[in-house]
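1. Here is my input; please provide its structure:
(2 chains)
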Amino acid sequence: AQKVTQAQTEISVVEKEDVTLDCVYETRDTTYYLFWYKQPPSGELVFLIRRNSFDEQNEISGRYSWNFQKSTSSFNFTITASQVVDSAVYFCALSEVTAYSGAGSYQLTFGKGTKLSVIP
Amino acid sequence: NAGVTQTPKFQVLKTGQSMTLQCAQDMNHNSMYWYRQDPGMGLRLIYYSASEGTTDKGEVPNGYNVSRLNKREFSLRLESAAPSQTSVYFCASSRSGGEGQPQHFGDGTRLSIL
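-> Okay, the predicted model is just below:
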């Protein structure tokens, strides 16, 4: 079973529309971390946000907002008033304490990504 | 502001050839990682190095070897390349000791094996 599920493979929206990217995760740990990364067409991976399992506060950064709900094991990402520059593949990732190697390294498990196309 | 630097950016190999992908970071991070990205598969961990002098297998280590040359550099070697290893390879690094530290990625190496 996937640990990180991004059910939306591709989404298309018209510029200025709001869009929500879904992420559902699975873990038995009580302490874990969730991340979102952006991969624009140029190919690099850009870190957007990290959230730990004890902090369920929603976060807003400009047009971006994140909704973390432990009850539904979801960490959804909303872009308000989308722009063409938001076109990218977005990855959700999970880091579990049980994946800790004991030598100072937490492994990330990535979802398969959601490709967002914003049409002008 | 180099961050994580990967070389080369593109490479074409023939089946059976060997190749080393280079990665260097200038953020004084302790942990480094190699991933491969295939269409529809997300990123999968090949190997990682929690700290200088240690390396461990990830999800898909077969056909690869790694060397943590020093704190800055972590290389990935394909001893006998196979078409199934055609992929985009990403190196990443993170600060260890802190929990849930984000990983910072290089720009990737696009590798094609004919």
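
2. rest of the way, CA atoms for contacts and neighbours
-> Noted.

3. so where do the strands sit in chain A?
-> For chain A, the strands defined by DSSP state E occupy A:4-5, A:10-14, A:19-21, A:24-25, A:32-39, A:46-52, A:59-61, A:64-69, A:74-79, A:88-96, A:108-110, A:114-119.

4. my read: A:Lys38 touches A:Tyr64, true?
-> No: using CA atoms under 8 Å, A:Lys38 is not in contact with A:Tyr64; the gap is 12.0 Å.

5. B:Glu79 reaches B:Met19, doesn't it?
-> Yes: with contact defined as CA under 8 Å, B:Glu79 reaches B:Met19; the gap is 6.7 Å.

6. which intervals of chain B have sub-threshold pLDDT?
-> Along chain B, the model assigns pLDDT under 70 to residues B:1, B:97-99.

7. What residues does it have near chain A?
-> Applying CA under 8 Å from any CA of the partner chain, we find that chain B lies next to chain A at B:31, B:40-44, B:49-51, B:96-97, B:99-108.

8. Would you mind listing which of these are buried?
-> B:31, B:42-44, B:49-51, B:96, B:99-108 (16 or more other CA atoms under 10 Å in any protein chain shown).

9. tally of neighbours for the residue of chain A at minimum distance from chain B?
-> For chain A and chain B, the shortest gap (CA to the nearest CA) falls at A:Lys112, measuring 3.9 Å. Using other CA atoms under 10 Å in any protein chain shown, A:Lys112 is surrounded by 26 other residues.

10. Who are the contact partners of it?
-> Going by CA atoms under 8 Å, 6 or more residues apart in numbering or on different chains, A:Lys112 touches A:5-6, A:9, A:91, B:40-43.

11. Please convert the residues you listed to TSV, extending it with distance to A:Asn52.
-> Formatted as TSV, these follow (distance: CA to CA, whole Å):
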residue	distance to A:Asn52
A:Thr5	18
A:Gln6	19
A:Thr9	25
A:Phe91	17
B:Gly40	27
B:Met41	25
B:Gly42	22
B:Leu43	21
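
12. nearest to B:Cys23, of the residues you listed?
-> Closest to B:Cys23 out of the contacts of A:Lys112 is B:Leu43 (17.1 Å), distances taken as CA to CA.

13. where exactly do the strands run in chain B?
-> Using DSSP E, strands in chain B cover B:4-7, B:10-13, B:19-25, B:31-38, B:42-49, B:56-57, B:64-68, B:74-78, B:87-94, B:104-105, B:109-113.

14. now the residue in chain B positioned nearest to chain A: how far from A:Val4?
-> The nearest approach of chain B to chain A comes at B:Gly42, 3.9 Å away (CA to the nearest CA). For B:Gly42, the distance to A:Val4 (CA to CA, to the nearest Å) stands at 10 Å.

15. who touches both of the two?
-> A:110-111.

16. Report the contact partners of the residue of chain B closest to chain A.
-> B:Gly42 makes contact with A:91, A:110-113 under the criterion CA under 8 Å, 6+ apart.

17. Quickly list what it is bridged to.
-> Counting by DSSP bridges, B:Gly42 is bridged to B:Asp38.

18. how close does it sit to B:Gly3?
-> B:Gly42 sits 22 Å away from B:Gly3, going by CA to CA.

19. what about A:Thr72, neighbour count?
-> Neighbours of A:Thr72 under the rule other CA under 10 Å: 10.
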